[in-house]
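A.B. asks: just the structure for this:
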Amino acid sequence: MNKDSKVTIDVELCTGCGSCVKVCPQQFLSIVNGKAATTGKDSFSCGHCEAACPQQAIHIVPLDDEMGTYRTFKACTKWLPFGEYNIASLQQLMASRRSCRNYTERPVDRSLLQDLVKCGITAPSGTNSQRWTFTIIPSRKAVTAFALHIGAYFKRLNRLATKPLVRTILRLIGKKELSEYYRDHYESVQEALNEWEQDRKDRLFHGATAAIIVGSKADASCPMEDALLATQNILLAAHCMGLGSCLVGFAVAAMKNDRAIQQSLGIPPEEAIHTVIALGYPDEVYHSVIRRKKAELRYVE
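C.D. replies: Residues are numbered from 1 along each chain as shown. Coordinates of the predicted model:
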């Protein structure tokens, strides 16, 4: 058995075909005496070699079998070859997922939320670092408590934004964010805050009964990109599972500007927050997919 801290190779099974060497992005593997061997400096632990080996002779040690086991459905472990999935079905899924702002009171089972995270981490990540983090808010009660922290931040921000002198001074020293916020968002945010105070109408999470916060650890290679790719996987998987979803950008902004919110959720301070996903069973129906705005295409030859 050829062993490394990250990769093990069963030399009895290995035929020396070289498939693993060809796909390794780190040149970590090579053929030695007719068998695959770990000869490079380090491995991404991406799993390319394990997936490419026709003899199942390679095992990536850091990869967790539990992360490929789902509680709410049976996953197919057979690799889908290039070009063999129905692109029309994929396009229909992507176009059918819409931001949901009407939810029923039905709770989301924790096993569904856990499976959504597992779907999320099938996304690519820079240097395969997989340093994303996921904080699950599993109930309407917990979502409401989170929303109250967000609301408290915007109450303070709105009070500050109504002061012309403060806006002017900040603008003169090159900090125009508060003036832009006052111009673009103050009125709608104040209206939402008033509706919550008067009628308990939730204009932030729209009655969602769960949420997932996607972040990253400080040593991630491409932290924001990784988190956004995982988020898109979660959004599409949620639609397949019968759930509605919506990104809550105001919650992300509040958490970035008020670190106490992150602390209240038990998220370590060194983690960066990139997306907040509202989740729940949708109380809305659509009958067709909708076109998008015209995209600007640019070719460089």
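A.B. asks: rest of the way, CA atoms for contacts and neighbours
C.D. replies: Will do.
A.B. asks: averaging pLDDT per element, find the lowest-scoring helix or strand in this protein.
C.D. replies: Counting by mean pLDDT, DSSP states H and E, the weakest-scoring helix or strand in the chain turns out to be strand 2-3, with a mean of 68.
A.B. asks: that strand: what's the following helix or strand?
C.D. replies: Using DSSP states H and E, the helix or strand that follows strand 2-3 in sequence is strand 7-9.
A.B. asks: what sits up against the helix or strand harbouring residue 113?
C.D. replies: Taking DSSP H and E as the definition, residue 113 sits inside helix 110-120. Helix 110-120 has contacts (C-alpha atoms under 8 Å, 6 or more residues apart in numbering) with 67-68, 70-72, 134, 136, 138, 212, 229-234, 237-238, 241.
A.B. asks: next, the buried residues of that helix.
C.D. replies: By 16 or more other C-alpha atoms under 10 Å, the buried positions in helix 110-120 come out as 112, 113, 114, 115, 116, 117, 118, 119, 120.
A.B. asks: now these in a markdown table, with pLDDT and distance to residue 300?
C.D. replies: Shown next, in a markdown table, are the buried residues of helix 110-120 (pLDDT from 0 to 100; distance: C-alpha to C-alpha, whole Å):
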| residue | pLDDT | distance to residue 300 |
| --- | --- | --- |
| 112 | 98 | 44 |
| 113 | 98 | 42 |
| 114 | 98 | 42 |
| 115 | 98 | 41 |
| 116 | 98 | 38 |
| 117 | 98 | 37 |
| 118 | 98 | 37 |
| 119 | 98 | 35 |
| 120 | 98 | 33 |
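A.B. asks: farthest pair in those?
C.D. replies: Maximum pairwise distance among those (C-alpha to C-alpha): 12.2 Å, between 112 and 120.
A.B. asks: domain parsing for the protein?
C.D. replies: 2-63, 87-140+204-280, 141-199 (automatic domain parsing).
A.B. asks: so which of these gets nearest residue 293?
C.D. replies: Within the domains of the chain, the stretch nearest residue 293 is domain 87-140+204-280; the backing value is 13.0 Å (C-alpha to C-alpha).
A.B. asks: what about that closest one, how long is it end to end?
C.D. replies: Domain 87-140+204-280 stretches 27 Å from its first residue to its last (C-alpha to C-alpha, to the nearest Å).
A.B. asks: restricted to strands, list the contacts of helix 110-120.
C.D. replies: The members of the contacts of helix 110-120 that map onto strands under DSSP state E are 134, 136, 212.
A.B. asks: nearest residue to the last one in space, please, no chain neighbours.
C.D. replies: Okay, so that is residue 212. Distances taken as C-alpha to C-alpha, 6 or more residues apart in numbering place residue 136 nearest to residue 212, at 4.6 Å, with adjacent residues excluded.
A.B. asks: OK, contacts around that neighbour?
C.D. replies: Residue 136 sits next to 113, 210, 211, 212, 213 when contact means C-alpha under 8 Å, 6+ apart.
A.B. asks: could you pull out the strands for the stretch 51-200 of the chain?
C.D. replies: In the stretch 51-200 of the chain, the segments counted as strands under DSSP state E, counting those that start in this stretch are 58-60, 132-137.
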